[in-house]
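S.K.: coordinates only, sequence not included:
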């Protein structure tokens with residue numbers, strides 16, 4: 001008998017867990033059974049209910065409506081009405097309220113957990129998460145605002161495995177923040193059901209994020225590659241382009257075989273950080289240029305302007321550069337390729353100008369100006385540079401990219417002392433780097449050992465590089481970098497400091513190069529997501545070969561007799577253009593990019609100028 005009861009309860013449980021509809025049906029069945037039983041009792045015991053159907057209807061009304069108790073006269077009716085009314089209140093009122101409350105709670109929990117479906121089109125989809133996600137969303141909003149000057153911006157949808165609440169940084173302009181919508185959803189980016197939840201097939205672009213791990217390929221890039229495989233199996237042939245944020249450049253070799261027919265762009269964060277740190281070591285002060293050029297929220301930026309707006313089709317790039325005001329033309333993007341300083345190139349339909357400017361609204365082309373097209377003179381080859389001594393304190397895997405990039409500049413030589421407790425695998429990789437212009441000394445180092453600190457304070461170095469630590473927590477890594485800076489502050493030479501959080505920059509004073517590599521990578525990801533050709537532009541500007549940004553003194557650019565004591569920006573640009581250099585900015589107390597043509601500056605041989613040269 002007990003087994004039969006347990007079996008009955010088991011079958012009821014299976015029906016109950018099917019959801020609210022099944023639960024309400026069971027309650028109605030229970031109400032029906034009570035109404036039949038109550039009607040049977042009244043039919044058998046009360047002479048006034050000779051009709052069984054009438055007795056059942058009387059019982060059903062008392063079960064569902066407590067107001068019927070007032071019409072009962074004799075004791076049997078009153079007793080039965082009390083029993084039926086309380087039973088109905090428990091079953092009907094209490095049960096339905098409990099079911100509705102539970103269902104509403106589940107719905108609210110699903111909404112809070114990001115389990116509901118997104119219905120969007122043309123949105124930007126971010127798959128995954130890392131500590132720099134709010135900054136990435138801000139950069140995406142700024143990049144979108146460049147292209148859509150009015151109305152709401154494309155919605156940013158984030159899909160990650162844990163519930164997430166995004167707080168946009170305060171540096172994002174309020175006007176852009178009001179136009180930005182961010183929607184978060186919870187789920188695995190490698191599962192098709194989760195991808196369907198964020199309407200992935202209708203996105204304009206998909207950015208797959210790594211966790212930006214600092215040691216070992218591990219889950220950081222593995223999750224990116226798994227997500228790419230999932231996208232390959234479910235994306236339509238003409239689906240959105242995919243931008244991959246990899247940590248390790250070696251994993252980029254796997255992308256062609258994993259992506260299939262998917263259109264992909266790859267940015268390797270450790271490779272980019274190594275390149276940027278290399279340029280900071282080569283050109284002290286250039287981090288100020290990077291801070292503006294590679295952030296839409298700060299000062300001047302590298303912008304793309306369609307050529308057809310001002311009837312520029314058919315003109316040479318030199319003609320456009322001579323008549324454009326409000327910005328400096330660096331080159332042109334044409335059919336997915338980048339042409340910097342190609343002054344003889346003819347502008348074609350669909351081309352976009354690469355312009356250094358504060359915003360696109362300030363740029364104006366004045367065809368009425370009777371000026372000759374700009375011509376680029378012959379650029380003198382740089383001679384060999386004597387050895388530069390560099391102290392590197394701390395490590396992450398960007399160290400390998402840094403050393404490889406320095407090794408490509410064969411006309412320069414570097415004596416590097418790496419003060420860090422490197423893992424055996426990384427130490428072997430550092431020793432195996434082939435280069436004729438690098439001398440590398442590995443020095444085991446710990447902040448907590450006074451003897452180790454005394455070893456490096458006895459020597460003089462031209463540059464001191466503080467690399468962001470390998471900790472997963474960005475705040476801990478920056479705190480350790482600040483401690484190293486405090487211990488080495490008396491060192492001669494200029495510091496190059498790599499940080500995770502831009503807000504920690506003021507801790508290091510204004511006389512050093514402070515570079516927030518994660519923020520720069522976020523800017524590049526945002527630009528490439530909306531304009532894939534930007535990846536080629538960044539490759540051209542920030543790597544060895546092709547056009548190069550450099551911040552150097554005037555005495556290395558002009559003969560002493562051609563260096564004036566005072567010069568307008570337009571005159572200085574013309575002088576440098578004759579020597580194959582495009583001037584972009586000049587350093588006074590701080591670096592000024594894209595000054596007004598008529599603005600005058602007091603200059604001397606040691607005045608540093610930011611130039612672009614081939």
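M.R.: Yep, that arrived. For clarity, every value in this text was computed on a predicted model and none was experimentally measured.

S.K.: can you list the weak-confidence ranges in the stretch 351-500 of the chain?
M.R.: Along the stretch 351-500 of the chain, the model assigns pLDDT under 70 to residues 366-385, 447, 452, 457-458, 470-472, 490-493.

S.K.: how about the nearest residue to the one residue sitting closest to the centre of the chain, chain neighbours excluded?
M.R.: In the chain, the residue lying closest to the centroid (CA atoms, centre = their mean) is residue 136, at 2.9 Å. Taking CB to CB, 6 or more residues apart in numbering as the measure, residue 136 lies nearest to residue 522, with 4.1 Å between them; neighbours along the chain are not counted. For glycine as for every other residue, the C-beta is placed from the backbone atoms N, C-alpha and C.

S.K.: what does the model give that neighbour for pLDDT?
M.R.: Note for residue 522: predicted pLDDT of 89.

S.K.: Now the phi/psi pair for it, please.
M.R.: phi -60, psi -40 (degrees, to the nearest 10).

S.K.: How is residue 184 assigned, secondary-structure-wise?
M.R.: The three-state assignment at residue 184 reads strand, by DSSP: H, G, I helix; E, B strand; the rest coil.

S.K.: what about it, how many residues close to it?
M.R.: Close neighbours of residue 184, defined as other CB atoms under 10 Å, add up to 21.

S.K.: Can you give me every residue that contacts it?
M.R.: Residue 184 is in contact with 114, 157-160, 163-166, counting by CB atoms under 8 Å, 6 or more residues apart in numbering.

S.K.: how far away is it from residue 244?
M.R.: 21 Å (CB to CB, to the nearest Å).

S.K.: just to revisit the earlier point, so the residue nearest to residue 136 sits right up against residue 139, yeah?
M.R.: Yes: assessed by CB atoms under 8 Å, residue 522 is found in contact with residue 139 at 4.9 Å.

S.K.: thinking again about what came up before, quick one: mark the members of the contacts of residue 184 that sit in strands.
M.R.: With strands taken from DSSP state E, the overlap with those comprises 157-160.

S.K.: Now flag whichever of these is closest to residue 34.
M.R.: Using CB to CB, residue 159 comes nearest to residue 34 of the ones in strands among the contacts of residue 184, at 48.6 Å.

S.K.: Could you give the bridge partners of the closest one?
M.R.: In this structure, residue 159 has beta-bridge partners residue 127, residue 185, where bridges are defined by DSSP bridges.

S.K.: got a list of what the spatially closest residue to residue 444 that is not a sequence neighbour touches?
M.R.: Take residue 444 and drop its neighbours on the chain: the residue closest to it by CB to CB, 6+ apart is residue 421, 5.6 Å away. When contacts are counted by CB under 8 Å, 6+ apart, residue 421 touches 444-446.

S.K.: Next one: residue 421 from residue 469, what distance?
M.R.: Distance check for residue 421 against residue 469: by CB to CB, it reads 11 Å.

S.K.: same question, residue 135
M.R.: Taking CB to CB as the measure, residue 135 and residue 469 are separated by 19 Å.

S.K.: And residue 278, by the same measure?
M.R.: Distance, residue 278 to residue 469, by CB to CB: 19 Å.

S.K.: now residue 524
M.R.: With the distance defined as CB to CB, residue 524 ends up 23 Å from residue 469.

S.K.: next one: residue 143
M.R.: Applying CB to CB, the value for residue 143 to residue 469 is 30 Å.

S.K.: Can you read off the backbone torsions of the closest residue to residue 441 other than its chain neighbours?
M.R.: Nearest residue to residue 441, sequence neighbours excluded (CB to CB, 6+ apart): residue 417, at 4.8 Å. In terms of degrees, to the nearest 10, the main-chain angles of residue 417 are phi -110, psi 110.

S.K.: For residue 417, give me its contacts.
M.R.: Applying CB under 8 Å, 6+ apart as the definition, the contact partners of residue 417 turn out to be 389-392, 441, 443, 456, 459, 461.

S.K.: ok, which stretches of the stretch 451-600 of the chain are strands?
M.R.: In the stretch 451-600 of the chain, strands defined by DSSP state E, counting those that start in this stretch lie at 463-466, 494-499, 513-516, 548-553, 566-568, 581-587, 591-593, 600-602, listed in chain order.
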